[in-house]
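Colleague: Provided below for reference: sequence and predicted model.
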Amino acid sequence: MPDLAERCVDAINELTGRHPGHRAAHARGILCAGTFTPAPDASALTTAAHLQGEPVRVTVRFSNGSGDPTRPDNDRREGRGMATKFYLADGSTTDIVALSLPCFFVRTPEDFIDFALARKPDPGTGNPDMEKVGAFLGEHPETGAALQYILPALIPPRSYATCVYNSIHSFRLTPGDGDGRWVRYRWVPEAGVENLPEEEIEGASAEYLQEDIRERLDDGVRFRLVARVAAEGDAVDDPTVPWPDGEREELELGELELTGLDTTRETGDDVLVFDPTRVTSGIEPSDDPILHIRSYAYSVSVERRSGVPRPA
């Protein structure tokens, strides 16, 4: 697995370049501080410590998907990220890593590598070789199907605070008794979902998303955490298949309020790491291969940028 993770990070670097001091992916981001308050009924679903009734301190990182930190906020080629770290009473942490995309584009780390290399820009044109992209899609129909959902989600949003963010991967919430339920997390914005109108995209500031979120923090930025429950027959280990809106049961898990910036661990050796497999008792990850390679790949990325083993 570590060797495969190295190859994944190499493929990202081939696609978006090497940028010393920055994350391999989601290089451009901003850290915010806030509080998560669990819903009254959340404790009936799981024994997870952050869902037992008491408010929990959190750090949230909003980001753009590219590994190129110079790519502007109004770029049409990338999704957005919302990574959340919950600080538990015993001193441990647990994370939710979510994207503005409804699903992922490949099923396995090997496919991730091949698709990234297929999209590598040609040095002469600066554009991907569409024959290579087409060949990959021909061999991976699940990617073509996923892109039908993903491409509309790449429109630049009005704000980081006006996106729905999806965990992409599935997790089982386990109560004190019983087998639990498979879910995918969704952060739903209190401000509503809104993209930039077409006529505003080109003229938007290169840093408009960070500028906007700084202003909104004065009044608080709020999201609801929702668990979308798997229906019978749903593949919980395949991130390329979305669970459609309005077709699955949804359970309220709590509310998040962000009230300020927290920039202390965005850069340097002690960079804050968000890991979707960092779960606490009462939550179990699926066997999704993409989910599990992410932890290893994040370690590779951190060690390359800082020269030290990754921190918590």
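Modeller: Now that the structure is in, tell me what you want to look at. Since the model is a prediction, treat every value here as computed from it, not as a measurement. Residues are numbered from 1 along each chain as shown.
Colleague: can I get the CA coordinates of the longest helix along the chain in PDB?
Modeller: For the chain, the helix with the greatest residue count under DSSP state H is helix 289-306. This file holds the C-alpha atoms of helix 289-306, laid out as PDB (Å, rounded to 0.1, in the frame of the first residue of the first chain):
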ATOM      1  CA  PRO A 289     -10.100   1.000  -1.900                       C
ATOM      2  CA  ILE A 290     -10.000   4.700  -2.700                       C
ATOM      3  CA  LEU A 291     -11.000   5.500   0.900                       C
ATOM      4  CA  HIS A 292      -8.100   3.500   2.300                       C
ATOM      5  CA  ILE A 293      -5.400   4.700  -0.100                       C
ATOM      6  CA  ARG A 294      -6.100   8.300   0.900                       C
ATOM      7  CA  SER A 295      -4.600   7.900   4.400                       C
ATOM      8  CA  TYR A 296      -1.300   6.500   2.900                       C
ATOM      9  CA  ALA A 297      -1.200   9.200   0.200                       C
ATOM     10  CA  TYR A 298      -1.700  12.000   2.700                       C
ATOM     11  CA  SER A 299       1.300  10.700   4.700                       C
ATOM     12  CA  VAL A 300       3.400  10.700   1.500                       C
ATOM     13  CA  SER A 301       2.300  14.200   0.600                       C
ATOM     14  CA  VAL A 302       3.000  15.600   4.100                       C
ATOM     15  CA  GLU A 303       6.500  14.000   4.300                       C
ATOM     16  CA  ARG A 304       7.400  15.300   0.900                       C
ATOM     17  CA  ARG A 305       6.400  18.900   1.700                       C
ATOM     18  CA  SER A 306       7.800  19.100   5.200                       C
END
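Colleague: packing partners for it?
Modeller: Where contact means 3 or more C-beta pairs under 8 Å, 6 or more residues apart in numbering; DSSP states H and E, helix 289-306 is packed against helix 2-16, helix 109-118. Where you see a C-beta, it was placed from the backbone N, CA and C, and this is true even at glycine.
Colleague: just give me the lowest mean pLDDT stretch among these.
Modeller: Set side by side, the helices and strands packed on helix 289-306 give their lowest mean pLDDT on helix 2-16, at a mean of 90.
Colleague: in it, what counts as buried?
Modeller: Under the neighbour-count criterion of 16 or more other C-beta atoms under 10 Å, helix 2-16 has Leu4, Ala5, Arg7, Cys8, Val9, Asp10, Ala11, Ile12, Asn13, Glu14, Leu15, Thr16 buried.
Colleague: contact partners for the fourth one?
Modeller: This means Cys8. Pro109, Phe112, Ile113, Ile293, Ala297, Val300 (C-beta atoms under 8 Å, 6 or more residues apart in numbering).
Colleague: not counting sequence-adjacent ones, nearest residue to it?
Modeller: Ala297 (4.8 Å; C-beta to C-beta, 6 or more residues apart in numbering).
Colleague: ok, back up a step: so which of the helices and strands packed on helix 289-306 gets nearest Asn166?
Modeller: helix 109-118 (17.8 Å; C-beta to C-beta).
Colleague: in the stretch 201-312 of the chain, what residue spans correspond to helices?
Modeller: Using DSSP state H, counting those that start in this stretch, the helices found in the stretch 201-312 of the chain span residues 208-216, 289-306.
Colleague: same question for the stretch 1-150 of the chain.
Modeller: Using DSSP H, counting those that start in this stretch, helices in the stretch 1-150 of the chain cover 2-16, 109-118, 130-139, 141-150.
Colleague: and the ones you listed as CSV, adding distance to Asn74?
Modeller: Below are the helices of the stretch 1-150 of the chain laid out as CSV (distance: least, C-beta to C-beta, whole Å):
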stretch, distance to Asn74
helix 2-16, 17
helix 109-118, 23
helix 130-139, 23
helix 141-150, 18
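Colleague: run through this structure and note the low-pLDDT ranges.
Modeller: 264-270, 307-312 (pLDDT under 70).
Colleague: looks to me like Pro152 is in a strand.
Modeller: No: read with DSSP: H, G, I helix; E, B strand; the rest coil, Pro152 is helix and lies in no strand.
Colleague: quick check: longest strand in this protein by residues?
Modeller: Ordering each strand of the chain by length in residues (DSSP state E) puts strand 250-261 first.
Colleague: CA atoms only for it, dumped as CSV, please.
Modeller: This file holds the C-alpha atoms of strand 250-261, laid out as CSV (Å, rounded to 0.1, in the frame of the first residue of the first chain):
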residue,chain,number,x,y,z
GLU,A,250,-31.7,11.2,5.5
LEU,A,251,-31.0,11.6,9.2
GLU,A,252,-30.0,14.8,11.0
LEU,A,253,-26.6,14.5,12.9
GLY,A,254,-26.0,18.0,14.0
GLU,A,255,-25.2,21.7,13.2
LEU,A,256,-21.8,23.3,12.5
GLU,A,257,-21.1,27.0,13.1
LEU,A,258,-17.8,28.6,12.0
THR,A,259,-17.0,31.9,13.6
GLY,A,260,-13.3,32.7,12.9
LEU,A,261,-10.1,31.8,11.2
